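Asker: from the sequence below, what's the structure:
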Amino acid sequence: MNIIIISLFPEMFTNVFNISMLRKAQDKKIVDIDYLNLREFGLGRHHQVDDIPYGGGDGMLLKPEPLFAAIEAAKIKLPLAKVYLMTPRGKKFNQSIATQIAKANQDMIIICGHYEGYDERVTKLVDEQISIGNYIVTGGEIPAMVLVDSIVRLLPGVLGGQQSAVIESFANGQTLEFPQYTRPPIYRNLRVPKVLLNGNHAKIKDWRDRHSKKIKE
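Answerer: Numbers count the residues shown, from 1 in each chain. Purely as a prediction, here's the structure:
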């Protein structure tokens, strides 16, 4: 299995993936893990990767241009890879999903979000959105570590045998964040919803409320 991780902080993975079973799996050529620094695909002199959200709100969003460029660069290296986006809005990750991915043994491209989130248009290039639980962490790097570790340990030859893992589940429903967009208003013929561009905060709030998702287990 080949894995490319897209991250603003690829150095975070070095110690985690260079010890224990993950290191052995790489030494035995069972898995190859590579990284793309999203900053290298940033715009302009300062390699800008983020911008303010349309419609207002706190925080910054990852821009579409660097994300699209990084995914496309990864796809050149791994053309048959599935693209995974680590996000609280994704499918709740569990042992069953880890087992399915390990059995498929298909190459993976993993996107680590950061800041307040990402421009929603990146999801057009994503095959699966994955959440590791009903809580928020600073970025997608730690969730990506969980995803990779839980899958690689199940690959043939990594462990002496299958080991059980305990996956917590949450029974309470939680309203998750609405889709968000940042500049430019049109990118590759994908448009930001007009309601977010008109400055009418009442209509923006109504749109956001209607597009929030309720997750129940």
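Asker: you'd agree Ile136 is in a helix?
Answerer: No: read with DSSP: H, G, I helix; E, B strand; the rest coil, Ile136 is coil and lies in no helix.
Asker: next up, the contacts around it.
Answerer: Contacts were defined as Cβ atoms under 8 Å, 6 or more residues apart in numbering; by that measure Ile136 touches Pro88. C-beta: built from backbone N, CA, C; applies to glycine.
Asker: next, Asp34: secondary structure please.
Answerer: Classification of Asp34 by three-state DSSP places it in strand.
Asker: any idea how far the closest residue to Cys112 other than its chain neighbours is from Leu85?
Answerer: Among residues not flanking Cys112 along the chain, Gly140 sits closest, at 3.2 Å (Cβ to Cβ, 6 or more residues apart in numbering). Note on Gly140: its distance to Leu85, by Cβ to Cβ, to the nearest Å, is 8 Å.
Asker: so what sits against both of those two?
Answerer: In contact with both Gly140 and Leu85: Ile111, Gly113, using Cβ under 8 Å, 6+ apart.
Asker: can you report phi and psi for Pro10?
Answerer: Dihedral angles of Pro10 (phi, psi; degrees, to the nearest 10) stand at phi -60, psi -20.
Asker: please name the residues that touch the nearest residue to it once chain neighbours are set aside.
Answerer: Of all residues not flanking Pro10 in the chain, Tyr35 sits nearest, at 3.8 Å (Cβ to Cβ, 6+ apart). Remark: with contacts taken as Cβ under 8 Å, 6+ apart, Tyr35 is in contact with Ile4, Ile5, Ile6, Ser7, Pro10, Phe13.
Asker: quick one, phi psi at Gln106?
Answerer: phi -100, psi 140.
Asker: from Leu38, how far off is it?
Answerer: Gln106 sits 23 Å away from Leu38, going by Cβ to Cβ.
Asker: which one's more surrounded, the two?
Answerer: The neighbour count for Gln106 versus Leu38, taken as other Cβ atoms under 10 Å, is higher for Leu38 (26 against 14).
Asker: look up how far Phe178 lies from that one.
Answerer: Taken as Cβ to Cβ, the span from Leu38 to Phe178 is 23 Å.
Asker: now the longest helix seen in the chain: mean pLDDT?
Answerer: If you go by DSSP state H, the chain has its longest helix at helix 64-77. Mean pLDDT, taken over the full extent of helix 64-77, equals 98.
Asker: quick one: strands adjacent to the helix or strand that it is followed by?
Answerer: Next helix or strand after helix 64-77 toward the C-terminus (DSSP states H and E): strand 82-92. According to DSSP bridges, strand 82-92 has the following sheet partners: strand 108-112 (parallel), strand 128-131 (parallel).
Asker: report the rounded mean pLDDT for the shortest one.
Answerer: It stands for strand 128-131. Strand 128-131 comes out at a mean pLDDT of 97.
Asker: alright, I will stop here.
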